[in-house]
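> here's a sequence, model it:
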Amino acid sequence: MSTIKAEKTAKSLEIPFIREMSEITQHMWRNGWDERNGGNVSYLLDEAEVEKYFDPDNVVRVIEPAFPVNELAGRYFIVTGSGKYFKNVLQDPAGNLGLLRVSKDGSKLELLWGMENKAKPTSELASHFMSHTERLKADPDHRVVIHNHATNVLAMTFIHDLEEAKFTKTLWEMCTECIVVFPEGIGIIPWMVPGSNEIGRATAEKMKEYRSVIWPQHGIFGTGTSIDEAFGLIETIEKAAQIYMLIAHHEIKRRITERELSDLAAAFGVTPRPGILSV
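Numbering: from 1, shown residues only. Below you'll find the predicted structure:
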């Protein structure tokens, strides 16, 4: 890396939200969840935190969205780029990330930083923006959407019934913390071609009720009020799926019972999704 590029990268990484995005993409890549250019992240930012580091009037270029974004008009996001490898983000944030603002009329995306060399936002931007729209209605503090190819979650979709209540209950039974971390359960959509408005709409529809949605034989979407929360949600689901994949072909002599799951929920003040537990 040249001295000029190294200095530029170091300066970018001094900005908190750029550093967060760079570090979490590196972490997911090291976990093996984002091979090649797999996975994408979008992070909703407050105008005030953006203006501390960037001139909102300095629009680098305008990007035409392939779907309506009126409900996010005026909002700022930092997103990963299309075709970009997570392993490279930390060493070249400006080449792999982009700071976008949805125009005031919601018709365009205004690039304020990054996406160098004519890079484009993630091809799953429809799924991200539609999910942000629905999660903001459910939780005004919502900020982050993460999609990755969590290995054991993906593997589990090949051998487990994909009915949401059954899938959720199995995960709850794998780790004591699961019902506390995702008491609302897990949403699951049918297999669909990625990168389309259709898969975006299907995912967003599930986001009305769930904070995590599984794409069978593909990966998972997790959301939250922060990078840590969204990543932690996926991390917990993946750990439960890993345990399931380790024990699925063995005789199970002991499991967390429905009564114990109910007691856990009561102890931590969470309400399990109705219809999953019979106690």
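
> from here on, contacts and neighbour counts on C-alpha atoms
OK.

> doesn't residue 145 belong to a helix?
No - for residue 145, which was evaluated using DSSP: H, G, I helix; E, B strand; the rest coil, the result is strand, with no helix membership.

> where in the stretch 1-150 of the chain is pLDDT low?
By pLDDT under 70, the low-scoring segments of the stretch 1-150 of the chain are 1-2, 4.

> show me where it has helices.
Counting by DSSP state H, counting those that start in this stretch, the segments of the stretch 1-150 of the chain that form helices are 3-12, 16-30, 47-51, 93-96, 125-138.

> out of these, the one nearest residue 240 is which?
Comparing these against residue 240 with Cα to Cα, the closest turns out to be helix 16-30 (16.9 Å).

> which residues does the nearest residue to residue 18 once chain neighbours are set aside contact?
Using Cα to Cα, 6 or more residues apart in numbering and skipping residues adjacent in sequence, the residue nearest residue 18 is residue 12, 6.6 Å away. For residue 12, the contacting residues are 18-19, 93-94, by Cα atoms under 8 Å, 6 or more residues apart in numbering.

> what about residue 12, distance to residue 202?
Distance, residue 12 to residue 202, using Cα to Cα, to the nearest Å: 35 Å.

> how about the strands of the chain, start to end?
Here the chain has its strands, by DSSP state E, at 40-45, 61-63, 76-80, 97-102, 109-114, 144-148, 187-188, 212-215, 219-224.

> distance to residue 57 for the helices of the stretch 1-150 of the chain - can I get that in JSON lines?
Putting the helices of the stretch 1-150 of the chain into JSON lines (distance: least, Cα to Cα, whole Å) gives the following:
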{"stretch": "helix 3-12", "distance to residue 57": "19"}
{"stretch": "helix 16-30", "distance to residue 57": "20"}
{"stretch": "helix 47-51", "distance to residue 57": "10"}
{"stretch": "helix 93-96", "distance to residue 57": "19"}
{"stretch": "helix 125-138", "distance to residue 57": "23"}
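
> out of the ones you listed, nearest to residue 165?
Nearest to residue 165 among those is helix 125-138 (20.8 Å), distances taken as Cα to Cα.

> what comes into contact with that closest one?
Surrounding helix 125-138, the residues in contact under the criterion Cα under 8 Å, 6+ apart are 42, 66-67, 69, 71-72, 142-145, 195-197, 199-201, 203-205, 207-208, 211.

> now a PyMOL select for only the buried ones of the residues you listed.
To isolate the buried subset of these in PyMOL, counting by 16 or more other Cα atoms under 10 Å, use the following:
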select buried, resi 42+69+72+142+143+144+145+196+197+199+200+201+203+204+205+207+208+211
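
> pretty sure residue 231 contacts residue 220?
No - between residue 231 and residue 220 there is no contact, the gap being 11.0 Å when judged by Cα atoms under 8 Å.

> for residue 41, give the beta-bridge partners.
Beta-bridge partners recorded for residue 41 (DSSP bridges): residue 146.

> was I right to think it contacts residue 84?
No - distance between residue 41 and residue 84: 11.4 Å, which falls outside the contact criterion (Cα under 8 Å).

> which of those two has more neighbours?
A side-by-side neighbour count of residue 41 and residue 84, using other Cα atoms under 10 Å, places residue 41 first with 26 against 21.

> so what's the more buried one up against?
Residue 41 neighbours (Cα under 8 Å, 6+ apart): 21, 79-80, 144-147.

> against residue 71, how distant is it?
Counting by Cα to Cα, the gap from residue 41 to residue 71 is 19 Å.

> need the strands of the chain in CSV with distance to residue 245, can you?
Formatted as CSV, the strands of the chain follow (distance: least, Cα to Cα, whole Å):
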stretch, distance to residue 245
strand 40-45, 25
strand 61-63, 42
strand 76-80, 30
strand 97-102, 34
strand 109-114, 40
strand 144-148, 18
strand 187-188, 18
strand 212-215, 16
strand 219-224, 15
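
> residue 29: which of those strands is closest?
Among those, strand 144-148 comes nearest to residue 29, with 9.2 Å by Cα to Cα.

> which other helices and strands contact that closest one?
Counting contacts by 3 or more Cα pairs under 8 Å, 6 or more residues apart in numbering; DSSP states H and E, the secondary-structure elements packed against strand 144-148 are strand 40-45, helix 125-138, strand 219-224, helix 227-247.
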